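Chemist: okay, structure incoming, though there's no sequence with it:
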């Protein structure tokens, strides 16, 4: 249960964590995970365990960023990925930018405008209150 909460807390801080599975990281590093838990327990403090988990998460984020840099994404690729992420939930341009940290605000606006024009997205509200939803 703690792993689920950890994942949810990370996602609430930055949507990039939707692409990082804490459960998978732990499974891949299970032996060391339990060693660090035991070591922290014996020491009576969680510093060693927290540093271990942060190191795992950082390595996973580095892999993710490297993968994203290698693959040039198109507007259509990003919209498809956004659809898979947001599903039928409403989202803002800010949410879209958090998902695609490598693009500019202008590019995000162009992507969203194109998807609305192609009737792939519904646009609700205007200016600062604009929200989008996949049909």
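Modeler: Cool, the structure landed. From a predicted model like this one, the values you see are computed outputs, not experimental measurements. Numbering: from 1, shown residues only.
Chemist: so what's residue 64 closest to, chain neighbours aside?
Modeler: If the residues on either side of it in the chain are set aside, residue 64 comes closest to residue 19, at 5.7 Å by CB to CB, 6 or more residues apart in numbering. For glycine as for every other residue, the C-beta is placed from the backbone atoms N, C-alpha and C.
Chemist: tell me the pLDDT at that neighbour?
Modeler: Turning to residue 19, the model gives it a pLDDT of 85.
Chemist: any idea how far it lies from residue 125?
Modeler: Between residue 19 and residue 125 the distance, using CB to CB, to the nearest Å, works out to 27 Å.
Chemist: what about the two, which has more around it?
Modeler: Higher neighbour count among residue 19 and residue 125: residue 19, with 15 against 11, using other CB atoms under 10 Å.
Chemist: follow-up on the earlier one: isn't the residue nearest to residue 64 up against residue 65?
Modeler: No: under the criterion of CB atoms under 8 Å, residue 19 is not in contact with residue 65, lying 10.2 Å apart.
Chemist: distance of the spatially most distant residue from the centre of the chain from residue 11?
Modeler: Note on the chain: the largest separation between a C-alpha and the mean C-alpha position, by CA atoms, centre = their mean, falls on residue 42 (33.7 Å). Here the criterion is CB to CB. By it, residue 42 lies 32 Å from residue 11.
Chemist: same thing with residue 81?
Modeler: With distances defined as CB to CB, the gap from residue 81 to residue 11 amounts to 16 Å.
Chemist: contacting residues around residue 14?
Modeler: If you count contacts by CB atoms under 8 Å, 6 or more residues apart in numbering, residue 14 has them with residue 98.
Chemist: can you give me the buried ones in stretch 41-61?
Modeler: Residues of stretch 41-61 classed as buried under the neighbour-count rule (16 or more other CB atoms under 10 Å) are 48, 49, 52, 53, 56, 57, 60.
Chemist: err, stretch 81-91, not the other one
Modeler: Buried residues in stretch 81-91, counting neighbours by 16+ other CB under 10 Å, are found at 82, 86, 91.
Chemist: over to stretch 102-121?
Modeler: Under 16+ other CB under 10 Å, the buried positions of stretch 102-121 are 103, 108, 111, 112, 115, 120, 121.
Chemist: tell me which two in these are the farthest apart.
Modeler: 103 and 120 (17.6 Å; CB to CB).
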